[in-house]
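>>> Next one to model:
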Amino acid sequence: MELTSSVEPFRVGGVTYANEVLMWDSNSGKLSDFTCHFSFSIDAPSPYITNDGIAFFLAPIGFQIPLNSIGGYLGLFNTTTKYSPSNRIISVEFDTYNNSEWDPNQTHVGININSIRSVVSTPWNASFHIKDTADVLITYNSTTKNLSFSASTGGVAGQHTLKSWKFNSSLDDKETNENSSRKIKIVVAIAILVIVLLIGTFLAYVIMRQRKKVNKRAKAINLTSINDDFEMGTGPRRFSYQDLASATNDFSQDRKLGEGGFGAVYKGYLADVDMLIAVKKFSKGSKQGKKEYTAEVKIISQLRHRNLVQLIGWCHERSEFLLVYEFMSNGSLDSHLFGKRSPFPWHIRYRTTLGLASAILYLHEEWEQCVLHRDIKSCNIMLDSSFNVKLGDFGLVKLIDHELGRIITGLAGTFGYLAPEYISTRKASKESDVFSFGELYGKGRLHSGVDERVRKDFDEKQAECLLIVGMWCSHPNSNLRPSIRLAIHVLKFEATMPNLPAKMPMPVYRVPTPLVNSREPSISYSSIEAGR
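This is a model prediction of the structure:
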């Protein structure tokens with residue numbers, strides 16, 4: 001590396017090590033032991049006419065060659081700074097020209113501290129070594145400095161060439177080793193962390209996959225057990241999805257009879273048995289819908305009563321859940337009470353009331369367990385071709401022992417038909433079912449006083465009895481409501497009608513504040529509807 005030119009005089013050049021060199025550890029107070037080994041050559045026009053020299057120096061960070069530092073200043077000082085006490089420069093100079101103001105009487109190698117004047121020197125006849133390669137070894141201890149070379153020429157041109165340069169610091173080695181050790185530790189820590197994350201992710205994936213398999217297997221076992229239960233003996237049968245899709249014209253909109261909270265009902269026709277059917281298709285992916293499906297399949301298939309909708313079959317394929325019922329040609333009760341259908345006569349209305357009460361009596365007292373329907377309303381009451389009443393939609397049913405009066409459940413049903421104590425305590429009971437029955441008949445749900453469409457042909461005594469029983473069953477105080485059996489006796493005029501107050505009392509209930517850690521199930525409105 002040429003620091004000065006061999007043809008142009010009054011030049012200065014230098015090379016500086018770009019990075020900081022640690023010469024002193026301020027934390028430990030240790031000084032650096034360093035070694036600097038370099039070689040250079042000086043080329044002058046004549047052995048007797050030499051230029052000024054070259055120097056190795058240590059300087060503070062940010063040091064730059066000052067102006068007017070040519071000649072004997074060696075690119076380190078100028079006339080202003082040559083003796084300044086503020087200098088922070090240590091140099092080893094190879095001086096090839098005698099400057100009488102500060103140099104010894106001969107060319108020399110000297111050590112300079114903060115000044116152009118050497119504090120110690122030894123003679124060196126540079127004229128004998130023109131173009132020769134000089135090999136230099138320097139050892140030193142000091143504070144942190146920049147590590148540099150510089151060279152300069154005066155009125156005579158000369159070429160100063162740096163041929164090699166090696167530097168080694170004990171603190172640098174230590175720091176390098178520490179940094180390397182620290183980097184290795186960081187890399188190892190990151191590698192371990194990545195491996196742990198990969199293992200954790202893999203385990204989580206395996207666990208989730210296993211859970212899905214277990215859940216899928218459990219579902220399959222559950223559905224298989226349903227199949228096994230129902231395929232024993234007589235009763236509902238299993239249908240294929242393709243059979244039901246064909247029967248309903250692929251569940252087309254023109255076959256839809258109605259739609260509820262958990263699915264839709266379609267009209268279908270089974271050609272092999274020449275039968276009209278109603279297919280209830282639960283919403284795909286609905287957990288609550290699957291619960292309703294399971295409840296209906298397991299319970300209604302075991303119930304046998306002339307006033308309950310008959311379950312013909314079931315299907316669970318392609319992640320779909322379907323129930324097949326007998327078709328009710330006269331639709332639901334609400335379509336006659338509130339729709340555009342022609343009103344049916346009074347005697348059928350009264351017979352409908354007795355049929356519904358008979359169905360509730362069977363559920364509450366005559367089956368092996370007490371069945372709480374929890375969703376008695378006009379749209380769940382169906383009418384066949386002869387206007388015989390059939391209670392349907394058993395998706396919210398709960399089974400309790402006959403000796404057990406109430407059961408705590410999530411709130412379910414339809415507002416307007418829910419007993420006030422059921423709303424406040426979430427305890428379903430026979431009395432809450434009776435309340436729904438009373439609401440249907442006691443507050444104009446069947447007729448306002450008497451439906452104006454049948455006022456010309458009705459039984460006044462039956463109308464009075466029906467209204468009183470309806471009000472009685474919907475009494476705000478559940479303890480003052482009749483059992484469904486007693487209500488039937490009154491409707492058949494086999495028992496005396498009650499004396500009810502002219503104005504029913506307003507119900508007052510204290511809603512309990514749930515405890516923070518209570519394990520009691522929370523109220524769920526997922527199956528609450530506002531309807532008829």
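>>> Helix or strand: which one has Leu198?
Assigning secondary structure by DSSP states H and E places Leu198 in helix 170-230.
>>> Now do that helix, average pLDDT.
Per-residue pLDDT over helix 170-230 has a mean of 76.
>>> how close does Tyr73 get to Ile190?
With distances defined as C-beta to C-beta, to the nearest Å, the gap from Tyr73 to Ile190 amounts to 52 Å. Yep, even glycine has a C-beta here, placed from its N, CA and C like the rest.
>>> which of those two has more neighbours?
Here Tyr73 and Ile190 are set side by side on neighbour count (other C-beta atoms under 10 Å), and the busier one is Tyr73, at 24 against 10.
>>> after the helix holding Leu198, next one along is what?
In N-to-C order, the element after helix 170-230 by DSSP H and E is strand 237-238.
>>> so what strands line up beside that following strand?
Its sheet considered, strand 237-238 pairs with strand 311-317 (parallel) by DSSP bridges.
>>> pLDDT (mean, whole number) over the helix or strand just after the partner strand?
Using DSSP H and E, the next helix or strand after strand 311-317 towards the C-terminus is strand 320-326. Rounded to a whole number, the mean pLDDT of strand 320-326 is 90.
>>> Restricting to C-alpha, output strand 320-326 in PDB.
Taking C-alpha atoms only, strand 320-326 is exported to PDB below (Å, rounded to 0.1, in the frame of the first residue of the first chain):
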ATOM      1  CA  GLU A 320     -76.600 -34.500   8.600                       C
ATOM      2  CA  PHE A 321     -79.200 -35.300  11.200                       C
ATOM      3  CA  LEU A 322     -82.800 -36.000  10.100                       C
ATOM      4  CA  LEU A 323     -86.000 -37.300  11.700                       C
ATOM      5  CA  VAL A 324     -88.900 -38.700   9.800                       C
ATOM      6  CA  TYR A 325     -92.500 -38.100  11.200                       C
ATOM      7  CA  GLU A 326     -96.000 -39.000  10.100                       C
END
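>>> relative to strand 311-317, how tilted is it?
Angle of strand 320-326 versus strand 311-317, following axes from the mean of the first three to the mean of the last three C-alpha atoms, to 10 degrees, is 170 degrees.
>>> Contacts for strand 320-326 next, please.
Residues outside strand 320-326 that contact it (C-beta atoms under 8 Å, 6 or more residues apart in numbering): 236, 239, 241, 244, 268, 277-282, 284, 289-290, 293, 296-297, 309-316, 384, 392.
>>> Pairing partners for it, with directions?
Strand 320-326 pairs in its sheet with strand 275-282 (antiparallel), strand 311-317 (antiparallel), by DSSP bridges.
>>> I'd like the next helix or strand past it.
Following strand 320-326 in sequence, per DSSP H and E, is helix 333-337.
>>> Minimum distance to Ser335: which of the strands paired with strand 320-326 has it?
Go through those one by one with C-beta to C-beta and the one that ends up closest to Ser335 is strand 275-282, at 13.9 Å.
>>> Check the offset of that closest one from the chain's centre.
Distance, stretch centre to chain centre, for strand 275-282: 39 Å (C-alpha atoms, centre = their mean, to the nearest Å).
>>> by how many degrees do the next helix or strand along the chain from that strand and strand 311-317 diverge?
Beyond strand 275-282 in the direction of the C-terminus, DSSP H and E gives the next helix or strand as helix 287-300. For helix 287-300 against strand 311-317, the angle by the same axes, to 10 degrees is 140 degrees.
>>> Give me the buried positions along helix 287-300.
Along helix 287-300, the positions that meet the burial threshold by neighbour count (16 or more other C-beta atoms under 10 Å) are 288-300.
>>> can you tell me the average pLDDT over that helix?
When the per-residue pLDDT values of helix 287-300 are averaged, the result is 73.
>>> swap in stretch 485-504?
Here the mean pLDDT over stretch 485-504 is 87, rounded to a whole number.
>>> Return the set of buried residues in that stretch.
Taking 16+ other C-beta under 10 Å as the neighbour-count basis, stretch 485-504 is seen to contain the buried residues Leu486, Ala487, Ile488, Val490, Leu491.
>>> Might one say that the fourth one is in contact with Ile484?
No - under the criterion of C-beta atoms under 8 Å, Val490 lies out of contact with Ile484, with a separation of 10.8 Å.
>>> Apart from its chain neighbours, what residue comes closest to Ile116?
With C-beta to C-beta, 6 or more residues apart in numbering as the criterion, Ile116 has its nearest non-adjacent residue at 4.3 Å, and that residue is Lys82.
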